[in-house]
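Visitor: Predicted model, plus sequence, below.
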Amino acid sequence: MSLLLDEAKRFAPTTRPGPQDAWEGTVAESYACGVCGKRYQHKRSLWRHSKFECRKIPHFQCPFCPRRTTQNNSLKKHIMLCHQVL
Ligand SMILES: [Zn+2]
Ligand SMILES: [Zn+2]
């Protein structure tokens, strides 16, 4: 009676993953980078971005020359030193 066995298998409860991703928190893209505005679904993704990624991208363009800096503070310093603008 292989047919009955197949039926039993089909209706057997499948092992489904539980709500293990509940710790992920809110799924909405609610975490925005304060520097470049990039949005992330998870806080740790934003943390990783701001810790390792964002600082390496030169977001800050000097309005007086083609120089770009990775941090707002260093751009301000550059403007003060090179262009004497406060
Ligand atoms: Zn960023
Ligand atoms: Zn400049």
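Guide: Noted; the coordinates are in hand. Ligands and ions are numbered 1, 2, ... in the order given.
Visitor: where in the chain is pLDDT low?
Guide: 1-29, 86 (pLDDT under 70).
Visitor: what does it have sitting close to ligand 1?
Guide: 33, 35, 36, 38, 54 (Cβ under 5 Å from the ion). C-beta coordinates here come from the backbone N, C-alpha and C atoms, glycine included.
Visitor: Can you say which of these are buried?
Guide: Neighbour-count burial (16 or more other Cβ atoms under 10 Å) is assigned, among these, to 35, 38, 54.
Visitor: Can you tell me the element the residue nearest to the last one when sequence neighbours are not counted falls in?
Guide: So the one you mean is residue 54. Closest residue to residue 54 apart from its sequence neighbours, by Cβ to Cβ, 6 or more residues apart in numbering: residue 35 at 5.3 Å. Assigned by DSSP states H and E, residue 35 falls within no helix or strand.
Visitor: What is the longest helix along the chain packed up against?
Guide: Determined from DSSP state H, the single longest helix within the chain is helix 72-83. In terms of contacts (3 or more Cβ pairs under 8 Å, 6 or more residues apart in numbering; DSSP states H and E), helix 72-83 is packed against strand 60-61.
Visitor: where along the chain do the strands fall?
Guide: 31-32, 39-40, 60-61, 68-69 (DSSP state E).
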